[in-house]
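1. got a structure for you, letters missing:
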């Protein structure tokens, strides 16, 4: 790991480009917050990302109490939302309905952005905490459909839970993302290493070995705070649910939050630019 003195300094262009034609990243917030809070928390990343990508922030479909970490600063930013259940008091829902609601929320945000003039390809997913889990789960679901199509000799297999034809997520930015991944397509995904979208993943009985069907092979960037109480589950996602050689790890000295200091943000951006370019996405490097 390079020392702070060897890290590149930021080189932000003087003019922010029109974002409409830029490749798009869907930004998925964590549990107990909302899209507006996630955008505010990601301000240091946005400062760099805005030169290469159009960022689209999506609100989760289910309401919940605010996360304890955000009450002090963002307590007036209600309503607070979640994608999945993580507490027993969250109302039960069957997996099909949960997946349908998640897909509808994301599809609506994407269609709204199309109407707002966004025209770039959807290339990446960026999520924090529960949003990182969902981002990785969406990548795995796409991978599962691609594998089934190849096995059956077809060009494609359905359109996935979002319901948008032709989607091809190229990479994911997973900030404080926990294992296990969620099953977002039970008709295609059968692995016991995945948790049902209907169930609470806290206390999940992990299998002894994650089978190949549940191992994500799409390129992912993992951002781990070394003081995060969930670090052991973040490492489990990285080491057991992702294919070695497809991951990039950025560790930083922080708790369960999004990096804001330049020395940490610059390293995340370096990793993101490298992965984006390897997947064929042109970027404007600012570090």
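-> That came in fine, so what should we check first? Since we're looking at a predicted model, the values are computed, not measured.
2. Going by C-alpha atoms from here, please, whenever you check contacts or count neighbours.
-> Will do.
3. Any idea how many residues pack against the nearest residue to residue 160 once chain neighbours are set aside?
-> With sequence-adjacent residues excluded and distances taken as CA to CA, 6 or more residues apart in numbering, residue 160 is closest to residue 142, at 6.9 Å. Residue 142: 22 surrounding residues under other CA atoms under 10 Å.
4. Doesn't residue 142 lie inside a helix?
-> Yes - under DSSP: H, G, I helix; E, B strand; the rest coil, residue 142 sits within a helix.
5. For it, give me its contacts.
-> Listed by CA atoms under 8 Å, 6 or more residues apart in numbering, the contact partners of residue 142 are 160, 168, 169.
6. Give me the distance between residue 19 and residue 160.
-> Distance, residue 19 to residue 160, by CA to CA, to the nearest Å: 27 Å.
7. Give me the buried entries from the contacts of residue 142.
-> In the contacts of residue 142, burial by neighbour count holds for 160, 169, counting by 16 or more other CA atoms under 10 Å.
8. Which parts of the helix or strand residue 273 falls within count as buried, going by neighbours?
-> Under the criterion of DSSP states H and E, residue 273 resides in helix 262-278. For helix 262-278, a neighbour-count test (16+ other CA under 10 Å) marks 262-273, 275-276 as buried.
9. so can I have CSV of the residues you listed showing distance to residue 215 and pLDDT?
-> CSV is the format used below for the buried residues of helix 262-278 (distance: CA to CA, whole Å; pLDDT from 0 to 100):
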residue, distance to residue 215, pLDDT
262, 32, 96
263, 31, 97
264, 28, 98
265, 28, 98
266, 28, 97
267, 26, 98
268, 23, 98
269, 25, 98
270, 25, 98
271, 21, 98
272, 21, 98
273, 24, 98
275, 19, 98
276, 21, 98
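10. and which of these is nearest to residue 115?
-> Nearest to residue 115 among the buried residues of helix 262-278, counting by CA to CA, is residue 276 at 25.5 Å.
11. isn't that closest one right up against residue 284?
-> No - with contact defined as CA atoms under 8 Å, residue 276 does not reach residue 284; the gap is 10.7 Å.
12. Between those two, which contacts overlap?
-> By CA under 8 Å, 6+ apart, no residue touches both residue 276 and residue 284.
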